[in-house]
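K.L.:
based on what follows, work out the 3D shape:
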Amino acid sequence: VTAYSLIVGLSELGQCNAKQAAMLAGLAPIANDSGARQGQRSIRGGRKAPRNALYMAALSACRYNPDMKIFATRLKDKGKQAKVVLTAVMRKLVVLANTLLAENRCWTPNPP
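P.N.:
Just a heads-up that it's a prediction; the model follows:
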């Protein structure tokens, strides 16, 4: 379901770089800075349907994908909040999908 949602909702995947793919999905951190003040970064904008599908995929990946589980645990150990960790995993999934489509290859546990 997530793959179909990404293909339909983010048809540009494979033709853009990682930052652009994250921005299209609404998963790029947007700065809230003004002058010397540095505000908290947040995600906003982008396309809602693919982001909603990625949420459930990220939950599953944090539990069952060994690489994503290590990544999520590392962020939690640094003191990141649960939603921030989940958003980082979602962004990582979008970047991974973009890379796989750009290189026209299937996902394997060990990269070539």
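K.L.:
helix, strand or coil for Arg63?
P.N.:
Using DSSP: H, G, I helix; E, B strand; the rest coil, the structure places Arg63 in helix.
K.L.:
and the residue nearest the centre of the chain, what element?
P.N.:
The centre of the chain sits closest to Arg91, judged by CA atoms, centre = their mean, with a distance of 1.1 Å. For Arg91, the enclosing helix or strand under DSSP states H and E is helix 82-103.
K.L.:
now that helix: buried residues?
P.N.:
Neighbour-count burial for helix 82-103 flags 84-99, 101 (criterion: 16 or more other CB atoms under 10 Å). (C-beta placed from N, C-alpha, C; glycine too.)
K.L.:
same check on stretch 6-23?
P.N.:
Applying a neighbour-count criterion of 16+ other CB under 10 Å, one finds Leu6, Gly9, Leu10, Leu13, Gly14, Cys16, Ala18, Ala21, Ala22, Met23 buried in stretch 6-23.
K.L.:
cool, and stretch 31-47?
P.N.:
Using 16+ other CB under 10 Å as the test for burial, stretch 31-47 gives Ile43, Gly46.
K.L.:
may I have stretch 18-29 as CSV, with CA atoms only?
P.N.:
Extracted in CSV, the C-alpha atoms of stretch 18-29 (Å, rounded to 0.1, in the frame of the first residue of the first chain):
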residue,chain,number,x,y,z
ALA,A,18,17.1,13.5,-1.6
LYS,A,19,16.2,17.0,-0.2
GLN,A,20,13.7,17.6,-2.9
ALA,A,21,12.1,14.2,-2.3
ALA,A,22,11.8,14.9,1.4
MET,A,23,10.3,18.3,0.7
LEU,A,24,7.7,16.9,-1.7
ALA,A,25,6.6,14.5,1.0
GLY,A,26,6.5,17.3,3.6
LEU,A,27,9.2,15.6,5.7
ALA,A,28,12.0,18.2,5.4
PRO,A,29,12.7,20.2,8.6
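K.L.:
please enumerate the strands of the protein.
P.N.:
33-34, 37-38 (DSSP state E).
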